[in-house]
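S.K.: need the 3D shape of this:
(one chain, ligands or ions: 1)
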Amino acid sequence: MAAASAPTEVKRHLPKRNSIHRPSSDASRFHMSKAAVDRSVEDVAKWTDLQCVKHLANVRWGSFKVIGCPHCNAHDEHYWSSKELRWKCRGCGKRFSVTSNTVFAYRKLPLQKLLAALHLWASGAAGQPALELRRMLNLGGYNTAFTLVSKLREGLLRGFHTGLVSGVVEMDGAHASGRRASEKRGRPLTFKVNDPEEAQKDALLTSSARSKKRREEKVAALAAGGNVHPEHGTVFPASRRIAFTLRRRSGAKGKGAVVTRVGIGLAETPDVAQALVDAYVAKPESILATDTGTAFKAVGKEFQLHLAVNHSDTLVGPNGEHVNNSEGFTARQDRSEKGVYLNIEPKYLMDYVVETAFREDHRRVAPGRQADRALHFALNIGRSQYWTNFTHGRHRDFEILRPENRPAKASGPAKGRSPVAAQNGRAPR
Ligand SMILES: [Zn+2]
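M.R.: Now for the predicted structure:
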């Protein structure tokens, strides 16, 4: 472009009354700043194997030199083989790599791809679909991508999502998973779009006939495995869950919440609220903020103060009675479920809400650091308990629920000797 002939631009200032002023929030200021980007997929893809191992060692142990042996826990400067990119323990003499005894043990994926996948996973605001990950990185198959992010989620579930929260803690429940029993895309299941006759018939029913019809629908929904809401009597599909959030307010204006704990219940009932409070909140020194739901009434008495906001009157009470930070979590979880992961199996819902909790708590952390944080947990919880041999049919056989887990059918292929393995003479697993 010719710099000499600078266009003579007439600067026009729109009158103030025509411009819509939106004050920038802390979040948007962060995302627009330089601090929001620290590393790229390209960067990690270019790393040498040694650079990758050094990075992983630093994330796992905080050092590349003095580290703990995964076999015998000896803390030492172990023998390093730059050819094998492994160590030999000075204590027990066994060899180990940077991923030994972690969820990524026995990985086949090159470390560059693992780190690139992690970076992409951390870059998504509401989540990162495994299929998309596979397409972007040309991972072997869907299962490779799916087990990778699932193991990452397991790291968060067993590593990140632990410990008590204290201070002002907001608690709220929100519907998750499972379509409402009586509706399909917002319409009752019995409503047929292309059947005006049916709609007319429904409109002509007397009120008693209509309520009889609704009762029959309820019975049918129950027969199909639906659950009845303990308060309202509405029937929900069997796959419906309530995702509970416990969020500690930061205490600083405009900074939102800082620590998040989550849990899944079958309904918004006092036993679920009690179990979650017992597991995650320091009592009685904390302050509980909830809505006026009956689930929180009894448990609120165990706190020094229970702030309850009546949502039919207002969203924010005069004395800090609100659950807006919990609603913020629910908004992200909704985007995650409806826009990214789609049709989350109730059995794995807990894994996904923990991921959302992690994303919420790291919403103003650049993706590279966020990936390292998640990786740190994945490398420090030992072997994967839920995803080892997933592709061979070893699926988790319980659902993580409050107040207690319940058995869930393993949905993978049948275990035992497969016809091909039998032909090859392999022993059954
Ligand atoms: Zn050792």
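S.K.: can you map out the helices along the stretch 301-429 of the chain?
M.R.: 324-335, 349-361, 367-378, 419-423 (DSSP state H, counting those that start in this stretch).
S.K.: which residues does the third one contact?
M.R.: To tie it back to what came earlier, the one meant is helix 367-378. 37-39, 56, 59-60, 102-104, 115, 118-119, 121-123, 151-152, 154-156, 158-160, 358, 362, 365 (Cβ atoms under 8 Å, 6 or more residues apart in numbering). For glycine as for every other residue, the C-beta is placed from the backbone atoms N, C-alpha and C.
S.K.: out of the residues you listed, name the ones that lie in helices.
M.R.: Cross-referencing these against helices under DSSP state H gives 56, 59-60, 115, 118-119, 121-123, 151-152, 154-155, 358.
S.K.: and the closest residue to the ion within the stretch 151-300 of the chain, how many neighbours?
M.R.: Proximity of the stretch 151-300 of the chain to the ion (Cβ to the ion) peaks at residue 159, 22.5 Å away. For residue 159, the count of nearby residues is 18 (other Cβ atoms under 10 Å).
S.K.: got it, and residue 353?
M.R.: By other Cβ under 10 Å, the residues close to residue 353 number 32.
S.K.: contact partners for it?
M.R.: Contact analysis of residue 353 by Cβ under 8 Å, 6+ apart lists 176, 243, 262, 264, 333.
S.K.: could you pick out which of those are near the ion?
M.R.: Subset of the contacts of residue 353 in contact with the ion: empty, counting by Cβ under 5 Å from the ion.
S.K.: show me where the stretch 51-200 of the chain dips below the pLDDT cut-off.
M.R.: Low-confidence segments of the stretch 51-200 of the chain (pLDDT under 70): 179-195.
S.K.: number of nearby residues for the closest residue to residue 283 other than its chain neighbours?
M.R.: Of all residues beyond its chain neighbours, the one nearest residue 283 is residue 302 (5.1 Å), with distances taken as Cβ to Cβ, 6 or more residues apart in numbering. Residue 302 has 15 neighbours, counted by other Cβ under 10 Å.
S.K.: so who does residue 302 touch?
M.R.: Each residue near residue 302 by Cβ under 8 Å, 6+ apart is listed here: 277, 283, 284.
S.K.: how many residues are close by residue 242?
M.R.: Neighbours of residue 242 (other Cβ under 10 Å): 22.
S.K.: next one: residue 357
M.R.: Other residues close to residue 357 by other Cβ under 10 Å number 25.
S.K.: from the ones in helices among the contacts of helix 367-378, which is closest to residue 31?
M.R.: Closest approach between those and residue 31, by Cβ to Cβ: residue 123, at 11.7 Å.
S.K.: find the nearest non-adjacent residue to the closest one, please.
M.R.: Residue 123's closest residue in space is residue 367 (Cβ to Cβ, 6+ apart), at 4.5 Å.
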